[in-house]
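Visitor: Following is a predicted model, sequence given first.
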Amino acid sequence: MSFKHVIEMYDLMDSAFVSGKDLKEYFEQRHFSGVEVTTITGNKGKTDFVKVTIKGKNGKSSGGNAPTLGVIGRLGGIGARPEQIGFVSDGDGALACMATAAKLADMQQRGDILEGDIILTTHICPDAPTLPHDPVPFMNSPVDMMTMNQYEVVAEMDAILSIDTTKGNMILNHTGYAITPTVKEGYILRISTDLLEVMKQTSGNMPVTLPITTQDITPYGNNVHHINSIMQPCVVTDSPVVGIALTTQVPVAGCATGATHLVHVEQVVRFVIEVAKLYGIGKCEFFDQKDFELMSSLYGSMKHLLTLDGKVSVS
């Protein structure tokens, strides 16, 4: 039952004093030790990056060959204190990611060990700054996007699910969650039918998808409009990236409080866990390799889109 883990993690994060150390202690109290915490200070404050590694029975960390799934909780911060009191909407990505980690750790201790490794990363900041954005304000972050990608995108991740609150827009008018097309090496590829099937299975509804644009897969800092940071992991990895967007019918600011819907967070947790089960045994593909190779042969590399100036350095 993943709802318990969502509630426990939400209760832990809904604090002006929460830190990465508190999350590590949460797992240690449940006899799980695969948690690393790194504190980074930026120009606008500090945050704690948290990395949880759930080892699979045939995972690469143990000498196996099963693929490794990465799960990233994207956000500016879980709080905007002192401007706002309480857990903000922007924190849903961290909440979903760490609740997933808690459930997977619990499953492992109960004997349900997945085939491949799962690496889950996010950061914990209860007092992040805000940033003007249209149509509603963004949450900012104490560290820049390059730093976030450095600590959240791990080289061992063979495929990545990027979870991010995506409520501050008029693009998708749906309360719940949606998935994006797969992005790989600058290409926006067709949406994975395997992921759509998992979404139908876990939600009991027809799948919902979030449209993304070329702008959204370019790096922050180029003065181009982005829907949010959901696709930013794609600029620093060749692994396929799929966004999981927590959404609403109306635009809701990332710095809004009282806007977290635990039922929808739990739906995301179950979706991620089912994807993890299948991905490790080769039954959930993020993209069609032949399609990608054909596109690349016809139109060449699109990696220039992943740079600030459109130029790819050759080493």
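Guide: That came in fine, so what should we check first? Residues are numbered from 1 along each chain as shown.
Visitor: May I have the phi/psi pair for residue 40?
Guide: Note on residue 40: backbone dihedrals following degrees, to the nearest 10 are phi -120, psi 130.
Visitor: which residues touch it?
Guide: 46, 47, 48, 49, 143, 147, 151 (CB atoms under 8 Å, 6 or more residues apart in numbering). For glycine as for every other residue, the C-beta is placed from the backbone atoms N, C-alpha and C.
Visitor: C-terminal to the strand ranked longest in the chain, what's the next element?
Guide: Criterion DSSP state E: the longest strand present in the chain is strand 45-54. Where DSSP states H and E defines the elements, the next helix or strand beyond strand 45-54 is strand 69-74.
Visitor: Please save the CA atoms from that following strand in CSV.
Guide: Coordinates of the C-alpha atoms in strand 69-74 are reproduced here as CSV (Å, rounded to 0.1, in the frame of the first residue of the first chain):
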residue,chain,number,x,y,z
LEU,A,69,15.9,3.0,-14.0
GLY,A,70,16.4,6.6,-12.8
VAL,A,71,13.6,8.5,-11.0
ILE,A,72,14.1,12.2,-10.5
GLY,A,73,11.9,14.5,-8.4
ARG,A,74,12.2,17.9,-10.1
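Visitor: Show me what whichever helix or strand comes after it is packed against.
Guide: Heading C-terminal from strand 69-74, the first helix or strand you meet, by DSSP H and E, is helix 92-109. On a contact count with 3 or more CB pairs under 8 Å, 6 or more residues apart in numbering; DSSP states H and E, helix 92-109 meets helix 2-13, helix 20-29, strand 45-54, strand 69-74, strand 118-124, strand 159-165, strand 241-247, helix 262-280.
Visitor: Run the chain-centre distance for stretch 294-313.
Guide: From the chain centre to the centre of stretch 294-313 is a distance of 24 Å (CA atoms, centre = their mean, to the nearest Å).
Visitor: if we can go back for a sec, so can I have CSV of the helices and strands packed on helix 92-109 showing mean pLDDT?
Guide: Shown next, in CSV, are the helices and strands packed on helix 92-109 (pLDDT from 0 to 100):
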stretch, mean pLDDT
helix 2-13, 97
helix 20-29, 97
strand 45-54, 97
strand 69-74, 98
strand 118-124, 98
strand 159-165, 98
strand 241-247, 98
helix 262-280, 98
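Visitor: Select, out of the ones you listed, the one closest to residue 256.
Guide: Among these, strand 159-165 comes nearest to residue 256, with 9.8 Å by CB to CB.
Visitor: For that closest one, enumerate the helices and strands it packs against.
Guide: In terms of contacts (3+ CB pairs under 8 Å, 6+ apart), strand 159-165 is packed against strand 69-74, helix 92-109, strand 241-247, helix 262-280.
Visitor: Let me see the ranges of the strands in the stretch 151-300 of the chain.
Guide: For the stretch 151-300 of the chain, the strands defined by DSSP state E, counting those that start in this stretch occupy 159-165, 176-179, 183-184, 187-188, 241-247.
Visitor: Generate TSV for these, with mean neighbour count as supplementary columns.
Guide: Formatted as TSV, the strands of the stretch 151-300 of the chain follow (neighbours: other CB atoms under 10 Å):
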stretch	mean neighbour count
strand 159-165	28
strand 176-179	22
strand 183-184	27
strand 187-188	20
strand 241-247	27
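Visitor: and residue 263, which of those is closest to it?
Guide: strand 176-179 (8.8 Å).
Visitor: Need the residues that contact that closest one.
Guide: 166, 172, 191, 195-196, 199, 203, 207-210, 242-247, 264, 267-268, 271.
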